[in-house]
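A.B. asks: what follows is a predicted structure for the sequence shown.
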Amino acid sequence: MPVQRFRTIEEMAAAPLVVPPGEGFERFARHCARYWRIAPRVYPRGVFRFRSLAEAQAARERVTDDSVASRAVR
Amino acid sequence: MLRVLRAFEQEGLEYVLIGAAAMGFHGLVRATEDLDIFIRATPENVERLKRAFRAAYDDDPSVDEISSADLLGDYPAVRYYPPSGDLFFDVLTRLGEVASYETVAAETKEVEGIRVRVATPSALYRLKKGTVRALDRQDAEALRRLFDLKEE
């Protein structure tokens, strides 16, 4: 599949890419750094605790949504 | 990321990397905002985690809010947003009755001289296939295809 199309940067970031064994983590780190530059997030600071993974994921989605929304209005 | 992984090793933290970073070690690359780890649930290990975070993030005082009473008690998931602002950490001691540090199969990988305990592809597949996020199901499918894992 030489060309893939995405509607959003988030959709693009979610699509895993297969790379040669041994290069994975370096490629991953570079990919994340690029993604953070293209789509910077505004995170809270500090430590948050959750009773379950579902609770943690819901909180994370709220932070991501807020961050995306703040980017959209800029 | 490397700074933190190095600090984990230097402090002797007993952990297993899961999530997108672990997938990266196995050659499946996608961007993420966080590093997910299971840690062995002991007070000593939580102290190692705190020392590692302090070492990596210039003695960030927020680290003091991480407590073994929480992680070994009613709050098995703790999220730490370091001052660098570029990523965050999800620290888990257990995932319901399904998974913990002791039950997640792991192997040692190396990056820039740092040894990292990484969940195996099949362990990642099992962790991801059962969760509700579409992203995790997408990851599980990619792992299954790349590593020819049996559908469960």
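C.D. replies: Happy to help now that I have it. What you are looking at is a predicted structure, and each value in this text was computed from that prediction instead of being measured.

A.B. asks: could you look up the SS state of whatever residue of chain B ends up closest to chain A?
C.D. replies: Ranking the residues of chain B by distance to chain A (C-beta to the nearest C-beta) places B:Gly24 first, at 2.8 Å. For the C-beta atoms, the positions are set from N, CA and C on the backbone; glycine is no exception. Secondary structure state of B:Gly24, per DSSP: H, G, I helix; E, B strand; the rest coil, is helix.

A.B. asks: can you pull the contacts of the residue of chain A found nearest chain B?
C.D. replies: Across chain A, the shortest distance to chain B (C-beta to the nearest C-beta) belongs to A:Phe28, at 2.8 Å. Going by C-beta atoms under 8 Å, 6 or more residues apart in numbering or on different chains, A:Phe28 touches B:Ala20, B:Ala21, B:Met23, B:Gly24, B:Phe25, B:Val29, B:Arg30.

A.B. asks: secondary structure element for it?
C.D. replies: helix A:24-38 (DSSP states H and E).

A.B. asks: what are the contacting residues of the helix or strand encompassing B:Val78?
C.D. replies: Using DSSP H and E, B:Val78 sits within strand B:77-81. The contact list for strand B:77-81, computed with C-beta under 8 Å, 6+ apart, reads A:43-53, A:55-56, A:59-60, B:34, B:53, B:62-63, B:66, B:70-71, B:88-92.

A.B. asks: could you identify the helix or strand that succeeds it?
C.D. replies: strand B:88-92.

A.B. asks: does chain A sit close to that following strand?
C.D. replies: Yes - using C-beta under 8 Å from any C-beta of the partner chain, strand B:88-92 reaches chain A at B:Phe88, B:Asp90, B:Leu92.

A.B. asks: compare those and tell me which has the most neighbours.
C.D. replies: In terms of neighbour count, B:Leu92 stands highest of the residues of strand B:88-92 next to chain A at 26 neighbours, by other C-beta atoms under 10 Å in any protein chain shown.

A.B. asks: residues contacting it?
C.D. replies: So B:Leu92 contacts A:Leu53, B:Ile18, B:Asp36, B:Ile37, B:Phe38, B:Ile39, B:Pro76, B:Ala77 (C-beta under 8 Å, 6+ apart).

A.B. asks: who are the contact partners of the residue most central in space within chain B?
C.D. replies: For chain B, the residue nearest the mean C-alpha position is B:Ile37 (1.5 Å; C-alpha atoms, centre = their mean). B:Ile37 makes contacts with B:Tyr15, B:Val16, B:Leu17, B:Ile18, B:Phe89, B:Asp90, B:Val91, B:Leu92, as judged by C-beta under 8 Å, 6+ apart.

A.B. asks: next: A:Ala54.
C.D. replies: Contacts of A:Ala54 by C-beta under 8 Å, 6+ apart are B:Val132.

A.B. asks: same check on the one 3 residues further on?
C.D. replies: Taking C-beta under 8 Å, 6+ apart as the contact definition, A:Gln57 lies against B:Thr131, B:Val132, B:Arg133.
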